[in-house]
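S.K.: Mind folding the following:
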Amino acid sequence: MINENPHARNLHLWLYALALFLALALRLIRLEAWPLSDEEARWAMQAFDLVKGGRPELGSQPGYVLLTALAFFTLQASDFTARLAPALFGAALVLAPYFFRDRLGDKLALVLAFALAFEPGLLALSRMAGSPIMAVSALILAWGAWRTGKIPAAGVLAGLALLAGPQLWPGLIGLAIAYGLGRGLLPTEASPIWQNRQDMLRALAYAVGTFLVLGSFFLLAPGGLGAAFQSVADYFGGWINFEGVPAGRLLLALLVYQFPALILAVVSLVRGMIQRDELTISLGLWLLVALVLALAYPNRQVYDLAWALLPLWALATLEVARHLAPIADGTWETIGMTAFTLVILAFSGLNLTSIALTPMEPAALQLRWVLLAASLALLALSIFLVAYGWASSVAFQGGVWGVLLALAVYSLSSATAAGSLRTYRTIELWSPGWQAAYQQVLSEQLDEVAGWQLAPAQPLEITVAGIESPAMRWALRAYRVKFIEATALTESPPALIVPSDVESPELQAGYRGQDLVWRTEPLWDQLLLSDWLRWALRHTTFEGQETILLWVRNDLFIDSRNETP
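M.R.: Residues are numbered from 1 along each chain as shown. Predicted coordinates for the structure are as follows:
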């Protein structure tokens, strides 16, 4: 039921504003802290080339490229602005529950809005350039605007969704299948999607207008329209491309990042199926279809889980909202039980962390496991004794609140890791491919060399030979750079970057070189069970490294010049 009390409605609007503010803060803080990966830089460079007046061949995410080009033109090309559009779309997603209040109820919609603000997977995707979060957010918001009668907004958002890339299609397919199953299993629950014909035509006009205007970049880049249709070929072509990550990696991401949501969603599903709750069963069908599509897709990536996260957290918040009720009996006793539960669970978590991360003798390890089991047994016994000797409501409510707080802390910790918000660099499952982790070292070296030139105002000329890395192109965008495939040189550029395994005696004679670590990639396939456990707790693990050689011509060095004072 939607609360029509004007004071309550104003309060709810302020709470939605707070959820939006928190979502924006989490997505914008330290957005430029870590360099763009190869996958991110591939999309960012298309936007950069477009702003520079080039005619780049746009990929299948023209919405991101064109909006980012607008950000580059208005502000400047940087890691921050390269990730700005996904961050804004990801933050806007927290407003989606507002449009579904008639189905969810006021309290559940508010809880879900705050959950989406802190959700680890969606946060990670919101902080990635070229992220599929734009497709997810645009489609869900278009759906919400449509069902609440906001036809122009629905049309504009639908047009944006069509430009967002291949991630749109599993969302549409999953929603269509889940809707069809819901119509068959719950015929009284499903409401018609379509409204009157006039509204449909009006929304279609706004969608087509947005698609044509933004897709052509205000007629400056008509290639964006063709790139939008390329997303269809890219997605369905992925069904015959078996180069995706293992399906187990997606399940592991669910277990590690979504552990609190999984527990609560399972409880909610069991309760809903017993009670034959139509909302719970509908969300369960959507979750099942989204998971099957993500796991069955041969060219799968971990970010394909994005569509499953929405029904997963909706189910989880169904269970949370049930327990957000006034204290039934004994205020201080319930608070005390909550604190006791939280302390015991914190002790158990620290004990488990010690077991996973600290080498110890077998006897000490056995003692740690005994302590862990004993602490959980003490918690169970305490809840039973409080229920038996005091009040079952105090024991149950305090225990549940303590567990919920512990799960919230775990989820917040996962979010800071997934969103790269920690002070040290973490290694996450969400970002595919090579990471240009040491880009800053190369940039600092080149800036220093550029200052040695006799005409430092001129951009340093750099040749990159035998290295194909979008992140390298992005890092060197401020220089005059020539990329060549062969490592044999016919010229003597001031600076040269080659793979570290290239042997060039002629370079050793006329250049001075330094080896640098350029890219890293987690060695996921080589990790043992103990390594996975350490990663789950610390979000750091072993990485493979790619090194490069930076050669600088001798005459650029100050000590090589024979100048008369």
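S.K.: where's Q275 relative to E543, distance?
M.R.: From Q275 over to E543 the distance is 48 Å, taken as Cβ to Cβ, to the nearest Å. Glycine gets a C-beta too; all of them are placed from N, C-alpha and C.
S.K.: what do you get for L407?
M.R.: 30 Å.
S.K.: and if you look at W452?
M.R.: 33 Å.
S.K.: from the middle of its chain, how far away would the helix or strand hosting V409 be?
M.R.: Here V409, judged by DSSP states H and E, is contained in helix 392-418. Relative to the chain's own centre, helix 392-418 is displaced by 23 Å; criterion: Cα atoms, centre = their mean, to the nearest Å.
S.K.: Check the burial of the nearest residue to I484 once chain neighbours are set aside by counting its neighbours.
M.R.: Nearest residue to I484 in three dimensions, chain neighbours excluded: A465, at 5.1 Å (Cβ to Cβ, 6 or more residues apart in numbering). Residues near A465, counting by other Cβ atoms under 10 Å, number 20.
S.K.: What residue spans form the domains of the protein?
M.R.: As recorded under automatic domain parsing, the domains making up the chain are 37-243, 331-418, 439-560.
S.K.: Do you know the pLDDT at E491?
M.R.: At E491, the model reports a pLDDT of 74.
S.K.: What pLDDT does the model give the residue nearest to I484?
M.R.: With respect to pLDDT, A465 has a value of 87.
S.K.: now the one 3 residues further on
M.R.: According to the model's per-residue confidence, E468 sits at a pLDDT of 87.
S.K.: State the distance from Q545 to R9.
M.R.: 56 Å.
S.K.: before we move on, what about Y438?
M.R.: 52 Å.
S.K.: so R519 touches L36, yeah?
M.R.: No: R519 sits out of contact with L36 when judged by Cβ atoms under 8 Å, with a separation of 11.6 Å.
S.K.: okay, and the common contacts of those two?
M.R.: 436, 471 (Cβ atoms under 8 Å, 6 or more residues apart in numbering).
S.K.: between the two, who's got more neighbours?
M.R.: Higher neighbour count among R519 and L36: L36, with 27 against 24, using other Cβ under 10 Å.
S.K.: what's the distance between that one and G419?
M.R.: Computed as Cβ to Cβ, the L36 to G419 distance reads 15 Å.
S.K.: can you check A261 too?
M.R.: 16 Å.
S.K.: can you check W452 too?
M.R.: 39 Å.
S.K.: Can you name the residues in contact with stretch 340-349?
M.R.: So stretch 340-349 is in contact with 372, 375-376, 378-379, 382-383, 398-399, 401-403, 405-406, 410, going by Cβ under 8 Å, 6+ apart.
S.K.: Just name the closest of the residues you listed to L116, please.
M.R.: Y410 (16.9 Å; Cβ to Cβ).
S.K.: who's in contact with the closest one?
M.R.: By Cβ under 8 Å, 6+ apart, the neighbours of Y410 are 259-260, 349.
S.K.: ok, 7 Å please
M.R.: Residues in contact with Y410 (Cβ atoms under 7 Å, 6 or more residues apart in numbering) are 259-260.
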